[in-house]
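**Q** Got a predicted structure plus its sequence, pasted below:
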Amino acid sequence: MEALKADPVLGIDGIILKEEPEADKLRESQTEREMVPPAGNSIHRSGSRPQLDLSKAAIQGNFEERDPTILLPNQSDDISHLALDIGGSLIKLVYFSRREDRSIDDKRKKTVKERLGISNGNRRSYPILGGRLHFVKFETHKINECLEFISSKQLHRGGLDSHGWQSENPANDNVVIKATGGGAYKFADLFKERLGVSLDKEDEMDCLVAGANFLLKAIRHEAFTHMEGQKEFVQIDQIDLFPYLLVNVGSGVSMIKVDGDGKFQRVSGTNVGGGTYWGLGRLLTKCKSFDELLELSQRGDNRTIDMLVGDIYGGMDYNKIGLSASTIASSFGKAISENKELEDYRPEDISLSLLRMISYNIGQISYLNALRFGLKRIFFGGFFIRGHAYTMDTISFAVQFWSKGDMQAMFLRHEGFLGALGAFMSYEKHGLDDLMVHQLVERFPMGAPYTGGQIHGPPLGDLNEKISWMEKFVLKGTEITAPVPMAPPGTTGLGGFEVPSARGGTLRPDASNLNVGVLHLVPTLEVFPLLVDLKKYEPNTIDLGDHSELEYWLTLLSEHLSDLVDKAVASEGGTDDAKRRGDAFACAFSAHLARLMEEPAAYGKLGLANLLELREECLREFQFVDAYRTIKQRENEASLAVLPDLLVELDNMSEERRLLTLIEGVLAANIFDWGSRACVDLYHKGTIIEIYRMSRNKMQRPWRVDDFDLFKKRMLGSGDKRPQPHKRALLFVDNSGADIILGMLPLARELLRHGTEVVLVANSLPALNDVTAMELPDIVAEAAKHCDILRRAAEAGGLLVDVMVNSLDGSKDNSPSVPLMVVENGCGSPCIDLRQVSSELAAAAKDADLIVLEGMGRALHTNFNARFKCEALKLAMVKNQRLAEKLIKGNIYDCVCRYEPAS
Ligand SMILES: Nc1ncnc2c1ncn2[C@@H]1O[C@H](COP(=O)(O)OP(=O)(O)O)[C@@H](O)[C@H]1O
Ligand SMILES: CC(C)(COP(=O)(O)O)[C@@H](O)C(=O)NCCC(=O)O
Ligand SMILES: [Mn+2]
């Protein structure tokens, strides 16, 4: 790229990327046109109860609308709604919290909506569904804890009235709460007395089925198999869901044949269930808790107490009927022939023997019932399962053994919450059952690795309390602050009847809750309509199921952490508050990493995109709004300063040469990536100019993946024939600074010049140094000051509504331009899962015939293998050696230019 070698673009010499702790200064210099909203760096310390603040309430939008949205600008607390399942052993709570949408006045949005023809007409405005579903449980005999929890969170204040959700209303003493399970009858008076609420009883079976159907339809990877220590998530095809057998293993066991929504029959059950294991186990072992009993089983040897085939047959197999010597012939049978008392048996052995007895029995009866009705699939729920590997393996083995492999046992991540969820669904008009998979996002909050997302006692009302919790955890030294070495994947030897399989390590306290996060309901999310085959779409390129791969990425993220904390703290002015939050963030994120190192599938199917998003979510949880804000700003300024010279150079080139230079420019500028360890090391060693030079030098073609000639042919044609320009291009942009300003904007400009409408697709929320949709209009406005093409297109796209720009080239050309627009993608991550994008992006995609995915996160980690209905250009510099070797058999700083015609 000679033109750029000794030219004004390189005049950026001297701008050093090494950061100095001058965040305060920079913050002060932020102008009114600040590109990011101010950080919430003051910690709200009020311990007050949630209150509905109606002051300054205003109707948003059209007053004539039947159900206009009412904005409550001063309402910050959650409004919650609750449903209960009060069982013989445990009380399960599902509650919904809704934060009022404090939408920001985004001038870009209105025009884009008009342009793209997005109206609110097709979106229901009532009831407003956006919010979060939380899952919590308590032991039934500790019902007081449960009542306190409800009361401290004021969950009983939000019920349902005849018009749908009723807002929190302390004066309303006639709140009705949906409840199922026997306790809904037994404890009705207690709830009335203590909380002043009436329990509206829902049928238990109805609820179990409604809960299971909802989960299986709406949650991706809700179901999984568990065989010989291996968990495998199963994507159930909705049209192929029914019929199935639902086995709910609570205190007792219910077996329900499910044929459809609300169509079911309880076909069997057994009184030998979770209550039997816990009750009998407690008597026999003197254990104080269920978990203690389960943990004992992990160190047990049931041969000391169970009568095996070999015990009867003098150590021989009973081959004729296919039973080996180690098969259990009679659970606890050995106890009859030995002259021993209870004290003579190890509690560990008793617990294991009991667990195997009950699990096999349930597996076998389930199989028989599935056989009765010709059902192939059996889903097991209920808290007896407790996400416990050995219990699941045992049940799975029984089903497989008796059915000779014909049937499969499956388990549910929300195992014990089916009834409570069903009760919640029985509220009318909340619209939960209309929700689709892509409208649900599961997140694991800070407490998840420590307490299973469950913190009893006073709720964590504000950030300060959250931080205090983190500090307490650290003080107690209960958790690891860096990932621990990983145990090899569970192996189970022979499995099944002969040798107990996956026993697991130490049981984490209440691990059953660890696997359930908070479900965010986001009705505005949609599937990206240009995906060829949604069923085959897998956003993640790298399979983290591979043990060494997972270890590599978890370790890398852990090593990045201290650097990130420094940035985050500096971005908030380096105050003591910020430092405290930074430490808490580091603890929380490390704990997540450690947890995932121990149990990779703890949070569902794990991909690299999830890990990178988890980091951003964790930052946001501790109110780090934009950790890279100062860096982004500095790089934007530096890049904008050299843009005019770059544009002049580009304009002096032939069309063919320019196209190549533009693509090279995108690839080279993608090096400015603060998420890559190698790049950050680089920035500490040099200036932009040196890095640019190095990057440019690497640009020699052929690139490691190089479809440029194909793309050029599509753009410019061959011979005299000029191809039809693209109608609309979606440019998924990546980083701030050079990446967007010297890379993607000039490419956008070229497309505009060809007569192609351009939509810049950017993050909704900050992630690393990625540019956000909110920041783009200002960047484009700055760039437009130097370029007529951009100016006219940005005006046409509604991006320059209040910016006056004089015609730069003096041309009187006022002919209408194709528009340049900006849409948000719906994410706050360096990667993008195209199954869940903003409705704005989905609308913009409808007329697009070219998409350009830029950067490692969006074009390599995710979507590298994605197939699109339109043409796709995937551009990225690989800034990680391992990925380069694995993905493109190349080296760090190699480039990818993959062009794919419409599939
Ligand atoms: N922390 C716990 N305390 C008591 N029992 C537990 C716990 N975790 C799991 N269990 C098991 O779960 C069973 C209860 O399961 P659940 O689905 O809640 O049924 P129920 O509605 O009958 O209470 C208990 O009998 C016990 O076997
Ligand atoms: C987070 C990123 C995907 C961002 O890359 P980008 O999309 O900005 O090109 C990338 O920096 C990354 O994979 N980083 C982790 C690997 C490493 O430090 O090498
Ligand atoms: Mn990026």
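**A** Here it is on my side, so go on. Ligands and ions are numbered 1, 2, ... in the order given.

**Q** now the farthest one out in this structure, which residue is it?
**A** Relative to the centre of the chain, and counting by Cα atoms, centre = their mean, the farthest-placed residue is residue 339 at 56.4 Å.

**Q** Quick check on that one: phi, psi?
**A** Residue 339 adopts backbone torsions of phi -90, psi 60, taken as degrees, to the nearest 10.

**Q** Distance-wise, check it relative to ligand 1.
**A** 32 Å (Cβ to the nearest ligand atom, to the nearest Å). Every C-beta, even on glycine, is put in place using the N, C-alpha and C of the backbone.

**Q** ditto for residue 467
**A** As judged by Cβ to the nearest ligand atom, residue 467 and ligand 1 stand 28 Å apart.

**Q** how about low-confidence regions in the stretch 251-400 of the chain?
**A** The stretch 251-400 of the chain contains no residues with pLDDT under 70.

**Q** Around ligand 1, which positions in it sit nearby?
**A** 251, 274, 275, 277, 278, 290, 382, 383, 384, 386 (Cβ under 6 Å from any ligand atom).

**Q** Hmm, residue 87 and the third one touching each other?
**A** Translated: residue 275. No: the criterion here is Cβ atoms under 8 Å, and residue 275 misses it with residue 87 at 9.3 Å.

**Q** Counting neighbours, go ahead and name the busier of the two.
**A** residue 87 (27 against 18; other Cβ atoms under 10 Å).

**Q** I'd like to know which residues of the stretch 101-250 of the chain are adjacent to ligand 1.
**A** 139, 181, 250.

**Q** Find the nearest non-adjacent residue to the last one, please.
**A** Of all residues beyond its chain neighbours, the one nearest residue 250 is residue 382 (4.3 Å), with distances taken as Cβ to Cβ, 6 or more residues apart in numbering.

**Q** Around that neighbour, count how many other residues there are.
**A** If we define neighbours as other Cβ under 10 Å, then residue 382 has 28 of them.

**Q** What separation do you get for it and ligand 3?
**A** Distance from residue 382 to ligand 3, counting by Cβ to the ion, to the nearest Å: 43 Å.

**Q** List the contacts of that residue.
**A** 247, 248, 249, 250, 253, 273, 274, 415, 416, 418 (Cβ atoms under 8 Å, 6 or more residues apart in numbering).

**Q** Mark which of those are part of helices, please.
**A** In this view, the contacts of residue 382 that belong to helices under DSSP state H are 274, 418.

**Q** Now find how far off-centre stretch 704-719 is within its chain.
**A** 37 Å (Cα atoms, centre = their mean, to the nearest Å).

**Q** what's it in contact with?
**A** Contacts to stretch 704-719, defined as Cβ under 8 Å, 6+ apart, come from residues 655-656, 659-660, 663, 701, 722-723, 754, 871, 873, 878, 884, 888-890, 894-901.

**Q** Contacting ligand 1 as well, which ones from these?
**A** Within those, nothing lies near ligand 1 by Cβ under 6 Å from any ligand atom.

**Q** Show me how to select, in ChimeraX, the buried members of the residues you listed.
**A** Entered in ChimeraX, the line below selects the buried ones among the contacts of stretch 704-719, by 16 or more other Cβ atoms under 10 Å:
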select :659,660,663,754,871,873,878,884,888,890,894,895,896,897,898,899,900
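
**Q** Show me the contacts of stretch 704-719 that map onto strands.
**A** 871, 873, 895, 896, 897, 898, 899, 900 (DSSP state E).
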